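1. sharing a sequence plus its predicted fold:
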Amino acid sequence: MKILIIQQKRIGDVLTSSILANSLKDHYPNATIDYMCYANCVDVLKENKAISNIIVLEQKVRKNYLSLFKFIFKIRSQKYDVVIDAYSKLETNLITFFSGANYKISYEKGYSKIFYNHNIKRLPNGTKSNYGLAIENRLALLKPLIKEEITDFKSKIFLSNSEIEAAKKTILEANIPQNKPLFMIGILGSEWYKTYPLEKMAELLDYTVEKTNASLLFNYIPNQKEDALKLYNLCNEKTQKSIFFDIYGKSLREFLGLLSQCNALIGNEGGSVNMAKALFVPTFSLFSPSVDKETWQIFEDEKNISIHLKDLKPEIYAEHDEKFIKEHTFKYFEEYPIELIKEKLDEFFKEIG
């Protein structure tokens, strides 16, 4: 059997949809499973033995009709038996439709029956979920192929021994203390409205260092250095001495190597939190008030804790819709009681030891 999984979008989405490949490989061990994503997401799929080939749909191909149709017919030439489109936008509608696959699977939309012969209903937003709707809706895409219950559906990231050893060497050469906890700090969200105000984040970092005496690494990329410096300068002197500012992943795989050596990740909810969970690194995350809680509060337990305004003040969501809350993000970030966040952090520190 030859299978293609399509998941464009961000790293968190691509990593979460990798559970499709893992489950399919468990049930069809001889299958060839290819995965299509954007170039910036490839690194979270590398070393995954369930995935035979990673196919990149480049931006320049997407934006040019001639190039896109050449790409579509290249996919058709691979003679896939199954195409699972977890993205379901026009370009992937066309890729799936022209693939020639017997199973063309995606989510049900008003027009989807034109392109797919298996249309799966998403659980509506607000549905209570044991695992998070991001997981349950993806697992539903496997129903035409796997009839029994799927029990192992946690996203996983795989690192080579050389990547792990390189991360250990970087930490050693930076003289980061070996006898203290090491925390990765997710200082920025993927969008402005997903970023907890830097002044309040600095207060939480001061509290973290005071309570744990931990060393801190900042997760940022070079074009975010100005914001990273702002946060650094907002921290008190003791915290600044605990921040190893110039140690960061210069590629996503380097970041993953460093993250794998941390005792926890603390910061804004987003792709880095999903990556930490996939590396079995404990997480403490702050959700933007406008991000859908039911979809993305996934794999939560004593060592993976998140704070969402909807848990604290549900009456706000009865009064206003997501669009209004997003437009007033910083007003609603003010509604997060920082003393409560500190209490939850303290519980988290005790849990992870």
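-> Cool, got the structure.

2. kindly export the helix-or-strand element of the chain with minimal mean pLDDT (C-alpha atoms) in CSV.
-> The helix or strand of the chain with the lowest confidence, counting by mean pLDDT, DSSP states H and E, is helix 293-296 at a mean of 76. Backbone C-alpha positions of helix 293-296 (Å, rounded to 0.1, in the frame of the first residue of the first chain) are rendered in CSV as follows:
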residue,chain,number,x,y,z
LYS,A,293,-8.8,25.8,24.1
GLU,A,294,-10.8,22.7,23.2
THR,A,295,-8.7,22.1,20.1
TRP,A,296,-5.1,22.6,21.4
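
3. how far does it sit from the chain's center?
-> Mean-position distance between helix 293-296 and its chain equals 12 Å (C-alpha atoms, centre = their mean, to the nearest Å).

4. next secondary structure after it?
-> Later in the chain than helix 293-296, the nearest helix or strand by DSSP states H and E is strand 304-307.

5. return the list of helices and strands in contact with the least confident helix or strand of the chain.
-> Using 3 or more C-beta pairs under 8 Å, 6 or more residues apart in numbering; DSSP states H and E, the elements in contact with helix 293-296 are helix 133-140. All C-beta spots, glycine's among them, are computed from the backbone N, C-alpha and C.

6. I'd like to know which elements the helix it packs on is packed against.
-> Partner elements for helix 133-140 (3+ C-beta pairs under 8 Å, 6+ apart): helix 11-27, helix 293-296.

7. repeat that for 10 Å
-> Contacts defined by 3 or more C-beta pairs under 10 Å, 6 or more residues apart in numbering; DSSP states H and E place helix 133-140 against helix 11-27, strand 103-107, strand 118-120, helix 293-296.

8. to residue 232, which of those lies closest?
-> helix 11-27 (24.5 Å; C-beta to C-beta).

9. and the next helix or strand past that closest one?
-> strand 32-37.

10. which parts of that following strand are buried?
-> 32, 33, 34, 35, 36, 37 (16 or more other C-beta atoms under 10 Å).

11. distance check, the residue found closest to residue 11 once you drop the neighbours it is linked to in the chain against residue 30.
-> Excluding its sequence neighbours, the residue lying closest to residue 11 (C-beta to C-beta, 6 or more residues apart in numbering) is residue 271, at 3.8 Å. Between residue 271 and residue 30 the distance is 32 Å, computed by C-beta to C-beta, to the nearest Å.

12. and if you look at residue 74?
-> 24 Å.
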